[in-house]
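Novice: Let me see the structure of the following:
(one chain, ligands or ions: 3)
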Amino acid sequence: MTNPSMPIGAPLPGPAAGGGLDQPAVTESAAEVHVATKLEETAGPGEKEVLRVEDLTVSFPTDDGLVRAVRGVSYAVHEREVLGIVGESGSGKSVSSMAVMGLLPKSARIAGKILYRGDDLLKKSAKQQRALRGKKIAMIFQDPMTALNPVYSIGDQLAEAVLSHEIMPRKKALARAEEMLALVGIPQPNRRLDNYPHEFSGGMRQRAMIAMAVINNPDVIIADEPTTALDVTVQAQILETLVQVKDQVNAAIVLITHDLGVVAGMAHRVLVMYAGKPVEIAETDRVFYQPRMPYTAGLLGSIPSLEGNGAGSRLRPIVGTPPSLINMPTGCPFSPRCPLATGICREVEPPLAPTDELGHVAACHHWDKLAEVDDPTVFFRTESEAV
Ligand SMILES: Nc1ncnc2c1ncn2[C@@H]1O[C@H](COP(=O)(O)OP(=O)(O)OP(=O)(O)O)[C@@H](O)[C@H]1O
Ligand code: SF4
Ligand SMILES: [Mg+2]
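Specialist: Ligands and ions are numbered 1, 2, ... in the order given. Next comes the predicted model:
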């Protein structure tokens, strides 16, 4: 059922998109747009928890051994909250989200709990799960071209997304599709309904994906690298649209990215993943200014524009690579790359534990060492920078 309280039909102050229908592809007038929305200006998180993931583990049997892709992920998301999930490639961000969406291959071994408003999705029948996923929990993928069908018009695909969950006349579903296109800032939505995906620019396609995600009035939107394929200006526009739409439909967002810079100003809280586990969870400002896990400090040092990294705008990637998920080393998985590692780090994997701030947890034996310095990225300076 559509939520009658949903304020639909009010177009957002989206970008002035270039191009009319006489043009083959819609382009964004990127130069004129800047990010206007700040997270504080949108409605904050509510009291009610909508999604809770408890000790989720996912592994894949392969010829080389068991890939332990997700090794105990727990988090909760509240109404209208934006939770950023950040980590390097291969840290288990997508696999943990695909588990929530029920989109993992059959070979995956899944354990733990995925609670939607208190109900464990993993205990529901396939039919019950399908009814929730895509409707109450929606997903936006990195590449809209793989999610959109090239042979159907945008309008048909949006209408189909409605009709697969709700019985209504097709005309009504198309009217809803038009409202959603307006909501995500697509101009002349009534004419755009007949366009095919290739007639939209990359940014417009991603807007269409957001429209598709919100068309059934979801409680949670999982956005997995929604802007990685787009240029920086269009990225900012799309993220702005996402935050605005969150308020329009009253949804929470789980924003997945490998780029810590993307969650600044976008997420209320951040969960940092490493080697299949959360290693730090805190409010976004704390993660940026007072991280308590060296890996997070290393990620901060690799954001070019962050103030106070001691290296101007220099990019300083963390040296080394993440461990094999088949043969995990003993101790802290970050120890081979960590400038603060000591003997205990190589023997005992630290659990996620409270730090010096309520609600700020980190998996590090020596988090207090980061609390002693003003700029925690200092530990990741190269020798030439230190001179
Ligand atoms: N079907 C599968 N079979 C075996 N291993 C898999 C499978 N799917 C994912 N993996 C492995 O699980 C690990 C976590 O993958 P995941 O896609 O979650 O990473 P990610 O954090 O989303 O990375 P990226 O930033 O590159 O998207 C990776 O090592 C990946 O190779
Ligand atoms: S536990 Fe040790 S190796 Fe791991 S992040 Fe903390 S200091 Fe570094
Ligand atoms: Mg991924």
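Novice: can you map out the strands along the chain?
Specialist: With DSSP state E as the criterion, the chain has strands at 17-18, 27-28, 49-62, 65-78, 82-86, 109-116, 119-120, 137-140, 220-224, 252-257, 269-274, 277-283, 353-354, 361-362.
Novice: Mean neighbour count and distance to ligand 2 for these - can I get that in JSON lines?
Specialist: Placement of C-beta: from N, CA and C, glycine included. Compiled in JSON lines, the strands of the chain are given as follows (neighbours: other CB atoms under 10 Å; distance: least, CB to the nearest ligand atom, whole Å):
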{"stretch": "strand 17-18", "mean neighbour count": "18", "distance to ligand 2": "45"}
{"stretch": "strand 27-28", "mean neighbour count": "20", "distance to ligand 2": "41"}
{"stretch": "strand 49-62", "mean neighbour count": "18", "distance to ligand 2": "20"}
{"stretch": "strand 65-78", "mean neighbour count": "19", "distance to ligand 2": "15"}
{"stretch": "strand 82-86", "mean neighbour count": "26", "distance to ligand 2": "16"}
{"stretch": "strand 109-116", "mean neighbour count": "17", "distance to ligand 2": "23"}
{"stretch": "strand 119-120", "mean neighbour count": "12", "distance to ligand 2": "32"}
{"stretch": "strand 137-140", "mean neighbour count": "25", "distance to ligand 2": "31"}
{"stretch": "strand 220-224", "mean neighbour count": "24", "distance to ligand 2": "26"}
{"stretch": "strand 252-257", "mean neighbour count": "26", "distance to ligand 2": "21"}
{"stretch": "strand 269-274", "mean neighbour count": "26", "distance to ligand 2": "9"}
{"stretch": "strand 277-283", "mean neighbour count": "23", "distance to ligand 2": "7"}
{"stretch": "strand 353-354", "mean neighbour count": "12", "distance to ligand 2": "11"}
{"stretch": "strand 361-362", "mean neighbour count": "24", "distance to ligand 2": "8"}
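Novice: Work out the gap between whichever helix in the chain runs longest and the centre of the chain.
Specialist: Assignment by DSSP state H gives helix 232-249 as the longest helix of the chain. Put simply, helix 232-249 sits 13 Å off its chain's centre (CA atoms, centre = their mean, to the nearest Å).
Novice: do the same with stretch 66-78
Specialist: Relative to its chain's centre, stretch 66-78 lies at 14 Å (CA atoms, centre = their mean).
Novice: avg pLDDT for it?
Specialist: The average pLDDT within stretch 66-78 is 97.
Novice: Stretch 143-151 now?
Specialist: 85.
Novice: next one: stretch 224-242
Specialist: Averaging pLDDT along stretch 224-242 yields 85.
Novice: so how far is the first residue of that stretch from its last?
Specialist: Across stretch 224-242, the terminal residues are separated by 12 Å (CA to CA, to the nearest Å).
Novice: And that stretch, what's buried?
Specialist: 224-227, 229-230, 233-242 (16 or more other CB atoms under 10 Å).
Novice: from those residues, which two are the most distant?
Specialist: Asp224 and Thr233 (21.2 Å; CB to CB).
Novice: Of the strands of the chain, which is nearest Pro322?
Specialist: Sorting the strands of the chain by CB to CB, the top spot, which is the nearest, belongs to strand 269-274 at 7.0 Å.
Novice: Adjacent strands (with direction) for that closest one?
Specialist: strand 82-86 (parallel), strand 277-283 (antiparallel) (DSSP bridges).
Novice: Which residues does the last one contact?
Specialist: In this case it means strand 277-283. 70-75, 92, 268-273, 287, 291-293, 295-296, 333-334, 352, 357, 359-364 (CB atoms under 8 Å, 6 or more residues apart in numbering).
Novice: hmm, back to that, make TSV out of the strands of the chain and add distance to ligand 1.
Specialist: Below are the strands of the chain laid out as TSV (distance: least, CB to the nearest ligand atom, whole Å):
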stretch	distance to ligand 1
strand 17-18	29
strand 27-28	25
strand 49-62	3
strand 65-78	3
strand 82-86	9
strand 109-116	11
strand 119-120	22
strand 137-140	13
strand 220-224	7
strand 252-257	7
strand 269-274	7
strand 277-283	12
strand 353-354	23
strand 361-362	19
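Novice: Throw these into CSV and include distance to Ala126, thanks.
Specialist: Listed next are the strands of the chain as CSV, based on distance: least, CB to CB, whole Å:
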stretch, distance to Ala126
strand 17-18, 40
strand 27-28, 40
strand 49-62, 18
strand 65-78, 21
strand 82-86, 26
strand 109-116, 14
strand 119-120, 14
strand 137-140, 15
strand 220-224, 19
strand 252-257, 23
strand 269-274, 28
strand 277-283, 28
strand 353-354, 37
strand 361-362, 34
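Novice: Check those for me: which has the lowest mean pLDDT.
Specialist: Minimum mean pLDDT among the strands of the chain: strand 17-18, a mean of 36.
Novice: Close to ligand 2: what parts of the stretch 201-350 of the chain are there?
Specialist: Neighbours of ligand 2 within the stretch 201-350 of the chain, by CB under 6 Å from any ligand atom: 293-295, 332, 334-335, 338, 340-341, 345, 350.
Novice: mind running it again at 5 Å?
Specialist: For the stretch 201-350 of the chain, the residues in contact with ligand 2 (CB under 5 Å from any ligand atom) are 294, 332, 334-335, 338, 340-341, 345, 350.
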